[in-house]
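K.L.:
quick one, what's the 3D model for this:
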Amino acid sequence: MVEVRLVSALEKILPESPVIMAPEFRSDVAARGEIYSFQIALRSDERKQLRIECAGELNTRVRIVKCVPAMYLGSGYDKDVVRNNQPGLYPDLLDEPDFTDQFLLLQNVCQSLWVTVYVGKDQKPGKYPVEIILRDMATGEVECCPKFELDVLDFELAPQEMSNFHWFHADCLFDYYKVPCWSEAHWRITENFARNALAHGITVLYTPLWTPPLDTAIGHSRPTCQLLDITLDVSDMTYTFNFDRLRRYIEMGQRIGFKEFAMSHIFTQWGAAATPKIMAHVVNTKNSCAVARYGEKADISKLVSDQYNSIFGWGTSSRSPEYADFLKQLFPALLPVLREYGLGKGNCYFSLSDEPHDDHLENYSALVDLTRPLLEEFETVEALSHLDYYERGLVKHPVPSIGVIEKFRGKVSPLWGYYCCGPEVDYPNRFIGMPSRRPRSFGMLAYIYDLAGFLHWGFNFYYSQYSWRAIDPFSVTDSGGAFPAGDAFLVYPGKNGDPLDSLRHEAFFAGLQDMRACRTLEKKIGREAVIALLNEGAPQELKMNSFPASDKFLIEKRRAVYEAIAAN
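P.N.:
All right, here's what the predicted structure looks like:
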């Protein structure tokens, strides 16, 4: 016998459950142009190979929810988690059916199918059945045919206004797929992953002018992934820049729909103490005057003429005159290229470091003095949880952790926010061990806080902490025990260079649609009325660390917003 139940997209169906525990969820509402998801939970007392068939007028896609191992799931202090954060197998990966339409239903294991409905922008309002026919391949008989009803309402969601910036790790892609950096295969894979990011509401494309100096151990470096082609003439320390790869990267991003770009960090992470790894073709190394002019780079004699060399990295101080000279030659050549593509203030960002602390203030101030004149109209976006950097005018767009965002709220405009690693207890986040309502709730909270931007470090980070080694994200979901499982990536690297989504990726995107729905309603009844509607029935005022741990609250609140839009 096959037990079948339609359940909401917020459920995580655990494989060991003796019965399907999730409440039944048979209908909902959606806007024209919306991407809507629900699940079909199944459990059988015998093994069955099923064929998946979709019926109904709406465009529908079915994927299989698969479990991944999760060893480190967080501190253990958070109570709104799955299985009390115990290590084990957790549902997260959304995989394609075998042979495009087949699904193996295991014996006495709870499983689920993820159903995505793509509502057309010109879809006529009305109630539409979504039927998923599961046919036993051994007998040809229909095993079950669950029917979901989606009520399409007569409006479209407002466009997403919030910038969504997830660090895009292009080096992880060529490293995982074992193709040469910036080979045609790497370009194809990079575009596939970038398309996925954009389709899920990520609006800012991280651009590796040079190998990003992010999550890298001191003295260590990540695989070289540099768009700029640089030549250094050591005889007079002049640089020549070829921007062909950068142009192709921007053109790729704009062709698929990106309007915002962010350049790789100018200095190292956590205080900007050193310079990024920057590679160059070096010529005229035999010139004796060059060694003296190169200052602290005592190993200049090791540079090989007419070959690719590392000219900067951990061994060079961020305040070295050599690096300052490099930047002073680079930016007058780089900025006009960016402007050619319509990039500038408001849609192209630079970052100096990442989360500088109090003891970095003097060094960071000196680097601002160096770079601000060079950046001209281009602005900086910085993960920054120390308000004094903003109050001193050092950072235009500080991005505080949502754990300290109240210190910035009302003082910083426009307001951005980020989460990663933590905070854990009571805050939205996206760890595998958390219920899907945690990443989903961020959408309504982003509306309440009127966030102009969101930042996260891990769209596709497939290394261990500090980038010591590559990992297999299908078996290591916690960066080698460093970060709570799921923190480092939202997508899995699928076959043929195509990304595979996760429950967390889809939940966060659904939250972005919730945010857009709130914007849609705001245009009709005003912002204060929308916030009042969201807070109605909540045990206390909705804040980042005060959102009901309830799927029911989220589902009902979303429906109330949609019904209010339709009524007004």
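
K.L.:
and residue 124, what does it touch?
P.N.:
residue 152 (CB atoms under 8 Å, 6 or more residues apart in numbering). C-betas here are computed from N, CA, C, even on glycine.

K.L.:
what pLDDT is listed against it?
P.N.:
Turning to residue 124, the model gives it a pLDDT of 98.

K.L.:
ok, now the one 4 residues further on?
P.N.:
According to the model's per-residue confidence, residue 128 sits at a pLDDT of 98.

K.L.:
next, count neighbours for it.
P.N.:
18 (other CB atoms under 10 Å).

K.L.:
verify the stated contact: it with residue 55.
P.N.:
No: counting by CB atoms under 8 Å, residue 128 sits too far from residue 55 to count as a contact (11.1 Å).

K.L.:
those helices in the protein, which residues are they?
P.N.:
170-177, 184-199, 244-256, 288-293, 321-340, 361-375, 387-391, 405-408, 437-448, 503-525, 527-535, 551-567 (DSSP state H).

K.L.:
for the fifth one, packing partners?
P.N.:
Counting contacts by 3 or more CB pairs under 8 Å, 6 or more residues apart in numbering; DSSP states H and E, helix 321-340 is packed against strand 238-242, helix 244-256, strand 308-312, helix 361-375.

K.L.:
okay, the angle between the last one and helix 321-340?
P.N.:
Interaxial angle of helix 361-375 relative to helix 321-340 (axes from the mean of the first three to the mean of the last three CA atoms, to 10 degrees): 40 degrees.

K.L.:
packing partners of helix 361-375?
P.N.:
Helix 361-375 packs on helix 321-340, helix 387-391, going by 3+ CB pairs under 8 Å, 6+ apart.

K.L.:
low-scoring pLDDT stretches of the stretch 251-400 of the chain, where are they?
P.N.:
Within the stretch 251-400 of the chain, the stretches with pLDDT under 70 are 287-307.

K.L.:
how about residue 325, nearest residue that isn't a chain neighbour?
P.N.:
residue 237 (6.5 Å; CB to CB, 6 or more residues apart in numbering).

K.L.:
repeat for residue 331
P.N.:
Residue 331 sits nearest to residue 374 (CB to CB, 6+ apart), 4.1 Å away.

K.L.:
what does residue 197 give?
P.N.:
Using CB to CB, 6+ apart, the closest residue to residue 197 is residue 459 (6.0 Å).

K.L.:
TSV for the helices of the chain, including mean neighbour count and distance to residue 480?
P.N.:
What follows is these, written out as TSV (neighbours: other CB atoms under 10 Å; distance: least, CB to CB, whole Å):
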stretch	mean neighbour count	distance to residue 480
helix 170-177	22	14
helix 184-199	18	22
helix 244-256	16	30
helix 288-293	13	41
helix 321-340	16	32
helix 361-375	16	30
helix 387-391	15	31
helix 405-408	18	29
helix 437-448	25	23
helix 503-525	22	19
helix 527-535	16	39
helix 551-567	18	32
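
K.L.:
the residue lying closest to residue 551 once chain neighbours are set aside: neighbour count?
P.N.:
Closest residue in space to residue 551, ignoring its immediate chain neighbours: residue 10 at 4.5 Å, by CB to CB, 6+ apart. When neighbours are counted by other CB under 10 Å, residue 10 registers 24.

K.L.:
my guess is residue 10 contacts residue 555. True?
P.N.:
Yes: look at residue 10 against residue 555 with CB under 8 Å: they come within range, at 7.2 Å.

K.L.:
return the set of buried residues in stretch 24-36.
P.N.:
25, 28-36 (16 or more other CB atoms under 10 Å).

K.L.:
of all these, which comes closest to residue 164?
P.N.:
residue 35 (15.4 Å; CB to CB).

K.L.:
next up, the contacts around the closest one.
P.N.:
So residue 35 contacts 116-119, 509, 513 (CB under 8 Å, 6+ apart).

K.L.:
what is it paired to in the beta sheet?
P.N.:
Counting by DSSP bridges, residue 35 is bridged to residue 118.

K.L.:
so it versus residue 199, what's the distance?
P.N.:
9 Å (CB to CB, to the nearest Å).

K.L.:
now residue 12
P.N.:
To residue 199, residue 12 is 23 Å away according to CB to CB.

K.L.:
distance of the residue nearest to residue 325 from residue 17?
P.N.:
Taking CB to CB, one finds residue 237 at 66 Å from residue 17.

K.L.:
likewise residue 196?
P.N.:
31 Å.

K.L.:
which stretch among the helices and strands packed on helix 321-340 comes nearest residue 21?
P.N.:
Judging those by CB to CB, what sits closest to residue 21 is helix 244-256, at 40.5 Å.

K.L.:
return the distance of that closest one from the chain's centre.
P.N.:
20 Å (CA atoms, centre = their mean, to the nearest Å).

K.L.:
what's the angle between it and helix 170-177?
P.N.:
Using the same axes, to 10 degrees: helix 244-256 against helix 170-177 is 90 degrees.

K.L.:
for helix 244-256, which outside residues touch it?
P.N.:
Contacts for helix 244-256 (CB under 8 Å, 6+ apart): 182, 187, 190-191, 194-195, 198, 205, 207, 209, 227-229, 261, 337-338, 341, 343.

K.L.:
residues touching stretch 97-112, excluding its own?
P.N.:
2, 7, 11, 13-17, 20, 39-53, 62-65, 91, 113, 134, 137.

K.L.:
would you turn the helices of the chain into a markdown table with distance to residue 147?
P.N.:
A markdown table is the format used below for those (distance: least, CB to CB, whole Å):
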| stretch | distance to residue 147 |
| --- | --- |
| helix 170-177 | 40 |
| helix 184-199 | 27 |
| helix 244-256 | 35 |
| helix 288-293 | 76 |
| helix 321-340 | 52 |
| helix 361-375 | 57 |
| helix 387-391 | 53 |
| helix 405-408 | 43 |
| helix 437-448 | 24 |
| helix 503-525 | 22 |
| helix 527-535 | 31 |
| helix 551-567 | 19 |
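
K.L.:
between those helices, which gets nearest to residue 84?
P.N.:
helix 437-448 (15.1 Å).

K.L.:
other SSEs contacting the closest one?
P.N.:
Counting by 3+ CB pairs under 8 Å, 6+ apart, helix 437-448 packs on helix 503-525, helix 527-535, helix 551-567.

K.L.:
for the contacts of residue 35, which one is nearest residue 218?
P.N.:
Of these, the one sitting nearest to residue 218 (CB to CB) turns out to be residue 509, at 35.9 Å.

K.L.:
pretty sure residue 363 is touching residue 271, no?
P.N.:
Yes: using CB under 8 Å, residue 363 is in contact with residue 271, at 6.8 Å.

K.L.:
from the chain's centroid, how far away is stretch 546-553?
P.N.:
On CA atoms, centre = their mean, the centre of stretch 546-553 falls 23 Å from that of its chain.

K.L.:
contacts made by it with the rest, please.
P.N.:
For stretch 546-553, contacts defined as CB under 8 Å, 6+ apart pick out 8, 10-11, 79-80, 426, 428, 435, 437, 441, 444-445, 537-540, 554.

K.L.:
let's see that with 6 Å instead.
P.N.:
10, 80, 437, 441, 540 (CB atoms under 6 Å, 6 or more residues apart in numbering).

K.L.:
same deal with stretch 469-486?
P.N.:
With CB under 6 Å, 6+ apart as the criterion, stretch 469-486 contacts 68, 70-74, 175, 421, 430-432, 462-465, 488-489, 492, 504.

K.L.:
rerun that using 8 Å as the cut-off
P.N.:
Residues contacting stretch 469-486 (CB under 8 Å, 6+ apart): 68-74, 90, 92-93, 172, 175-176, 420-421, 424, 430-433, 461-465, 468, 487-489, 492-493, 502, 504.
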